[in-house]
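Enquirer: Quick one: sequence and predicted model below, then my questions.
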Amino acid sequence: MADFDQELDARGLNCPLPILRAKKAINGMDSGQVLRIIATDPGSVKDFEAFAKQTGNELMESTEAGGEFTFLMKKG
């Protein structure tokens, strides 16, 4: 797994909360830094893909294990 600069635990939160919290976290980061997000909402997979396209941030990794979804997003 890649290194990351900040982690956001969005487990137990349903759409749109994981995206809103990720947006707030990534806005406070420097360009090129990586945010790791952990979520349990299956809808977050498509949400984060769309979020990356809309914001110009790079979704570096998207994995699922044991009902938890982990995303690595690099700030553009």
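Expert: Perfect, I can see it now.
Enquirer: isn't Lys75 right next to Lys23, touching?
Expert: No. Using CB atoms under 8 Å, Lys75 makes no contact with Lys23, being 10.9 Å away. The C-beta positions use only the backbone N, C-alpha and C, and glycine is treated the same way.
Enquirer: More neighbours: these two, which one.
Expert: Lys75 (20 against 14; other CB atoms under 10 Å).
Enquirer: Which pLDDT value belongs to the more buried one?
Expert: Looking at Lys75, its pLDDT reads 98.
Enquirer: all helices for this protein, in order.
Expert: Assigned by DSSP state H, the chain shows helices spanning 17-27, 44-55.
Enquirer: how far off helix 44-55 does the first one point, in degrees?
Expert: If I follow you right, that is helix 17-27. In terms of direction (axes from the mean of the first three to the mean of the last three CA atoms, to 10 degrees), helix 17-27 departs from helix 44-55 by 40 degrees.
Enquirer: mean confidence for helix 17-27?
Expert: Mean predicted lDDT for helix 17-27 stands at 97.
Enquirer: now the longest one
Expert: This predicted structure assigns helix 44-55 an average pLDDT of 96.
Enquirer: mind listing what's buried in it?
Expert: Ser44, Val45, Asp47, Phe48, Phe51, Ala52, Thr55 (16 or more other CB atoms under 10 Å).
Enquirer: What of the shortest one?
Expert: With burial defined by 16+ other CB under 10 Å, the residues of helix 17-27 counted as buried are Pro18, Ile19, Arg21, Ala22, Ala25, Ile26.
Enquirer: correct me, but the second one touches Lys46?
Expert: Going back to what we said before, that points to Ile19. No. Judged on CB under 8 Å, Ile19 makes no contact with Lys46 at a distance of 10.5 Å.
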